[in-house]
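1. here are the coordinates; sequence isn't available:
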Ligand SMILES: *[C@@H]1O[C@H](CO)[C@@H](O)[C@H](O)[C@H]1NC(C)=O
Ligand SMILES: *[C@@H]1O[C@H](CO)[C@@H](O)[C@H](O)[C@H]1NC(C)=O
């Protein structure tokens, strides 16, 4: 995002002055912060600061229209006080996923305001075009009040409608799952339908990339986002009794185009018209925003655990190793700060928080996929990635029961954590995240409090905790046609008029989340007063939730398993104040210790199990700490399953 205007008075690609920050907060002694501790403290800051940038309620977005996301509160050097369709959609995908995982009436209002605002924005004529033929939907940014921005800019940008459709589809599916199908159908679908029409009509035309610099080309991130939107758009249409036949015909062709970005050198060339190597965080962002937790390690969609995504991760990350002073002396296979692309000179060309965090997120996504699949496969394409982490790595498939799997899995986890640690090291102690951090000192640079930086922090924290977004149907949409074509279709566009949402659309189904460190735990939820039905009905939100902890652990006579953790209910990490679990369910074939503790709904807890011997000797579980968000839904009881680590 947000390179300075590219088309100033006819001159091209004027680089902004190497603006240096006025005052620099020097980062000290945070480098040893553990990832757990950093994410636990940073996540609530990120959510609060992200919401602060959304109009009209956000205090940092004074003057912005309702439901409009400001890219940053910064109005000068640089001026980011505009609403970008891409940034807003990525922000709201994050908000919707957060909401789905843990119901929040506040977030629901934000989501509803966003939908109302987008329905209006779609119709605003602008320099990219108008609504009647859909061309105006490709406009990258609007003024804070929702009027057209008429200055020079890199336009059109064709990722925005696809990303917005994806965010709204996620919310629609929640509505359907909770019995509010008519809301999805009558209020949200019309907005989605326009965006899907745009993608089907314009995907084969070139445009600007997500960094707003490369025009007249195709861009990997854009094409990946378009493919995903069409696949899930077609599925949603079916669920709602609508049709998107153009989604079905165009999606395979978009996937065809996506294959062209793969370079025989073993990486993604992110743009077709850039005059650069093409190694660009664009491609890593493309993989994480099309991550499907149910997918196999498919190379055609560049799934995070695919050999292509891993090989590309290495190529992109390595391209920053030698050019940033703050990366110097860091060995291959150890995390470094990640920027946009090596040739970047915007603000001097620096690491971006959202890119360093994306490098971590791709690896956490891959861990989740391997865990689901039950094996790791190394191919000749991904071998170099693996050799950096484990010098004896060899081509083959390693089942999760093997020690090689464990070695590989843990090496990726450590590598991923390193990227988060890197971002944490250069995060000021107040937790504010700007756009960039200096390549030479690590001090924050460019726009302060970048909304997308905060969204990136929230998504990486969720993936690390094993919390995943819903599948988008990758497995049904990953087959590349034998012949590709770029013939397109005409979309249809009609004004989506939505000005208000029905009240009290609270959850009727419990949430099902995955939890615990290393993504190895699972949690199931029991619904409270009602179960899923196809008719709208509300239920009572639980204020307190009885959480049953099931821990599989082998013990001998005289030993007791206890749980200790962050909350005072969990003894505030004091081993003497932990809660003992019961072995009443322990059998020779099922080494189960269990106990139930009540927590306030929505509370985030960290914990570990300890084994206390009869003489009082305490043995702790290995790191990391388990993290669990107590659901804030109608569920009054949940079960969390862990295995001794
Ligand atoms: C941190 O972010 C908050 C919310 O955006 C803002 O109000 C505050 O001024 C920022 N603090 C610093 C030190 O930048
Ligand atoms: C687990 O939490 C405790 C208490 O906050 C903390 O001291 C410890 O560093 C954490 N462990 C890890 C691996 O972060």
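-> Looks like it arrived, so ask away. This structure is a prediction, so every number in the text was calculated from the model and none was measured. Ligands and ions are numbered 1, 2, ... in the order given.
2. residues in contact with residue 353?
-> 423, 426, 427, 433, 434, 435, 436, 437, 450, 453, 456, 457 (CB atoms under 8 Å, 6 or more residues apart in numbering). Just so you know, the C-beta spots here come from the backbone N, C-alpha and C atoms, and that holds for glycine as well.
3. for the record, mean pLDDT for the strand or helix carrying residue 169?
-> Taking DSSP states H and E as the criterion, residue 169 maps to helix 160-177. For helix 160-177, mean pLDDT rounds to 97.
4. For the residue of the stretch 501-645 of the chain found nearest ligand 1, the count of nearby residues, please.
-> Residue of the stretch 501-645 of the chain nearest ligand 1, by CB to the nearest ligand atom: residue 604 (20.1 Å). Residues lying near residue 604 (other CB atoms under 10 Å) number 16.
5. How about the one 3 residues further on?
-> Residues lying near residue 607 (other CB under 10 Å) number 25.
6. Residue 486 and ligand 2, how far apart?
-> 50 Å (CB to the nearest ligand atom, to the nearest Å).
7. Nearest spatial neighbour of that residue, chain-adjacent residues omitted?
-> residue 204 (3.8 Å; CB to CB, 6 or more residues apart in numbering).
8. from what I can see the one you found touches residue 488, true?
-> Yes - Residue 204 lies in contact with residue 488 (CB atoms under 8 Å); the separation is 5.1 Å.
9. give me phi/psi at residue 607?
-> phi -160, psi 170 (degrees, to the nearest 10).
10. Kindly report the same for residue 437.
-> phi -130, psi 140.
11. Now it. Nearest residue, chain neighbours left out?
-> In space, residue 437 is closest to residue 426, 4.4 Å off (CB to CB, 6+ apart).
12. One more: residue 440?
-> residue 325 (4.4 Å).
13. what do you get for residue 93?
-> residue 167 (4.2 Å).
14. my read: the one you found touches residue 98, true?
-> No - using CB under 8 Å, residue 167 is not in contact with residue 98; the gap is 11.9 Å.
15. These two: which has the busier surroundings?
-> Neighbours were counted for residue 167 and for residue 98 using other CB under 10 Å; residue 167 has more, 26 against 20.
16. Tell me how far the more buried one lies from ligand 2.
-> Residue 167 is 32 Å from ligand 2, by CB to the nearest ligand atom.
17. dump the residue contacts of that residue.
-> By CB under 8 Å, 6+ apart, the neighbours of residue 167 are 89, 90, 92, 93, 96, 114.
18. and the residues you listed as TSV, adding pLDDT, neighbour count and secondary structure?
-> Shown next, in TSV, are the contacts of residue 167 (pLDDT from 0 to 100; neighbours: other CB atoms under 10 Å; DSSP: H, G, I helix; E, B strand; the rest coil):
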residue	pLDDT	neighbour count	secondary structure
89	98	26	helix
90	98	28	helix
92	98	28	helix
93	98	22	helix
96	98	26	helix
114	98	26	helix
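19. Which two among the residues you listed are spaced furthest apart?
-> Using CB to CB, the contacts of residue 167 span at most 12.1 Å, a distance reached by 90 and 114.
20. Can you name the element that comes right after the helix or strand bottoming out on mean pLDDT in the chain?
-> Lowest by mean pLDDT, DSSP states H and E among the helices and strands of the chain is strand 522-526, with a mean of 38. Next along the chain after strand 522-526, taking DSSP H and E as the criterion, comes strand 544-552.
21. Which strands or helices does the following helix or strand past that next one pack on?
-> Of the helices and strands lying after strand 544-552 in sequence (DSSP H and E), the nearest is strand 560-565. With contacts defined as 3 or more CB pairs under 8 Å, 6 or more residues apart in numbering; DSSP states H and E, strand 560-565 has these neighbours: strand 544-552, strand 579-580, strand 592-600, strand 604-612.
22. One more pass at 6 Å, please.
-> strand 579-580, strand 604-612 (3 or more CB pairs under 6 Å, 6 or more residues apart in numbering; DSSP states H and E).
23. Mind checking those strands for the one nearest to residue 375?
-> strand 604-612 (27.3 Å).
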